[in-house]
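> take this sequence and fold it.
(one chain, ligands or ions: 2)
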Amino acid sequence: MRGRFITFEGPEGSGKSTHVQLLADRLKAEGRKVLVTREPGGTCLAEKIRSLVREELDDPPVTRSEVLLFLAARAQVVSQVIRPALARGEWVLCDRFADSTFAYQGYGRGIDVGLLRNFNDFATEGLMPDLTILLDVPLEVSRVRLAERQAATSTAADRIEQAGVMFHRRLREGFLELAKADPARFAVIDSSGSRESVADAVHAAVGRLVDGTGIGGKSR
Ligand SMILES: Nc1ncnc2c1ncn2[C@@H]1O[C@H](COP(=O)(O)OP(=O)(O)O)[C@@H](O)[C@H]1O
Ligand SMILES: [Mg+2]
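Ligands and ions are numbered 1, 2, ... in the order given. Have a look, this model is predicted:
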């Protein structure tokens, strides 16, 4: 049987990496085979693209190059990692995927979302997630978390994290609109609560995917 493909979306500091890992641990404890990957990244070439798009501050890509770099990374991880794992019947959890392109380059940077969907389909050969967990937090919460993470890991904000408040506002609205337009695929989870309560809501959304009772609507 084909595995399940679950993506985590939301702005920086919304808890994606945290909850990908917590869900992977729970699914493994239930005896499922789980593969965790991330975007951009997940293969050797795609990780190099990740460094390029995040760190190239002296010579940043123009918006169209940024789109193509992200899509090049996506084409790699889809064909080399995600599709093979799904064919083996594994559960694939991916930290960001197509909706990040629609939100960041579409809603954030103003590229036509319909056009981005076509380019994305080319990169993925039409693969879309069975379930997308959108972790939604107010801007103030994600800002505080990011600052804490940067302090804890002694890292500076990367190029995209440094974008202005208005960009991040458009981004959040964009993610919410994408979810509203496709309630059968998205579970929108308020990620401003405790780690445990958010992890429970994520697990419950996955449970609804498994028992076929549907995903849509706001959890928690
Ligand atoms: N529900 C939560 N409550 C409190 N802190 C959280 C919660 N989820 C994540 N964090 C913290 O917020 C920071 C950002 O989370 P992270 O998972 O790295 O987000 P993302 O991958 O979306 O950028 C981390 O330091 C993490 O420990
Ligand atoms: Mg992360």
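
> just the helices from this protein, written as ranges.
Using DSSP state H, the helices of the chain run over 16-29, 44-55, 63-77, 83-87, 98-100, 113-124, 139-153, 165-181, 195-211.

> how about the residues of this protein near ligand 2?
Contacts of the chain with ligand 2, taken as CB under 5 Å from the ion, map to Lys16, Ser17. Glycine gets a C-beta too; all of them are placed from N, C-alpha and C.

> not counting sequence-adjacent ones, nearest residue to the most centrally placed residue in the chain?
Nearest to the mean C-alpha position of the chain, by CA atoms, centre = their mean, lies Arg96 at 1.9 Å. With CB to CB, 6 or more residues apart in numbering as the criterion, Arg96 has its nearest non-adjacent residue at 4.3 Å, and that residue is Glu39.

> dihedrals phi and psi, the residue nearest to the centre of the chain?
phi 80, psi 150 (degrees, to the nearest 10).

> residues in contact with it?
The contact partners of Arg96, by CB atoms under 8 Å, 6 or more residues apart in numbering, come to Thr7, Phe8, Glu9, Lys16, Arg38, Glu39, Pro40.

> farthest residue from the center of this protein?
Distance from the C-alpha centroid of the chain, by CA atoms, centre = their mean, peaks at Asp58 (26.4 Å).

> returning to what we had before: worst mean pLDDT among the helices of the chain?
Mean pLDDT across those is lowest at helix 139-153; the value there is a mean of 86.

> just how off-centre is that helix within its chain?
Mean-position distance between helix 139-153 and its chain equals 18 Å (CA atoms, centre = their mean, to the nearest Å).

> and for stretch 179-194?
Per CA atoms, centre = their mean, the centroid offset for stretch 179-194 relative to its chain is 12 Å.

> most neighbours of all the contacts of Arg96, which one?
The most crowded member of the contacts of Arg96, judged by other CB atoms under 10 Å, is Phe8 (29 neighbours).

> that one pairs with what?
Per DSSP bridges, the residues bridged to Phe8 are Asp95, Ile133.

> just give the nearest non-adjacent residue to Leu86, would you?
Nearest non-adjacent residue to Leu86 (CB to CB, 6+ apart): Gly3, at 4.5 Å.

> what's the burial count for that neighbour?
By other CB under 10 Å, 19 other residues sit near Gly3.
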